[in-house]
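Engineer: sequence unknown, structure follows:
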């Protein structure tokens, strides 16, 4: 099953029913395929993960790049892990 790895200089866990983790100094996520090869990566200057809902909010200079070199840029997006979907209500640039 595909996996992801988060790299961050600092994270803050907020103990609550929602299980919130905040990435105030930014984050980089590597997404792996079933052969454990990097499929794509995402960087953002801020992130907030909601464990209970399996969601991640990424904000401020969000960039996703896949192995084909396709790039998506936006100021805010939400990753719904259990549905394997990302979406944004902000302007999105794809190159």
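Structural biologist: Everything's here; your move. No experiment lies behind these values; they were computed from the predicted model shown.

Engineer: just list the residues touching residue 74, thanks.
Structural biologist: Shown in contact with residue 74 (Cβ atoms under 8 Å, 6 or more residues apart in numbering): 62, 88, 90-93. No exception for glycine: its C-beta is placed from N, CA and C like everyone else's.

Engineer: so what are the sheet partners of the helix or strand harbouring it and their directions?
Structural biologist: Using DSSP states H and E, the element containing residue 74 is strand 71-80. Next to strand 71-80 in the sheet, as set by DSSP bridges, lie strand 55-66 (antiparallel), strand 85-87 (antiparallel), strand 92-94 (antiparallel).

Engineer: can you redo those strands as JSON lines with mean pLDDT, mean neighbour count and distance to residue 8?
Structural biologist: Output for those, formatted as JSON lines (pLDDT from 0 to 100; neighbours: other Cβ atoms under 10 Å; distance: least, Cβ to Cβ, whole Å):
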{"stretch": "strand 55-66", "mean pLDDT": "97", "mean neighbour count": "18", "distance to residue 8": "12"}
{"stretch": "strand 85-87", "mean pLDDT": "91", "mean neighbour count": "13", "distance to residue 8": "19"}
{"stretch": "strand 92-94", "mean pLDDT": "95", "mean neighbour count": "11", "distance to residue 8": "23"}
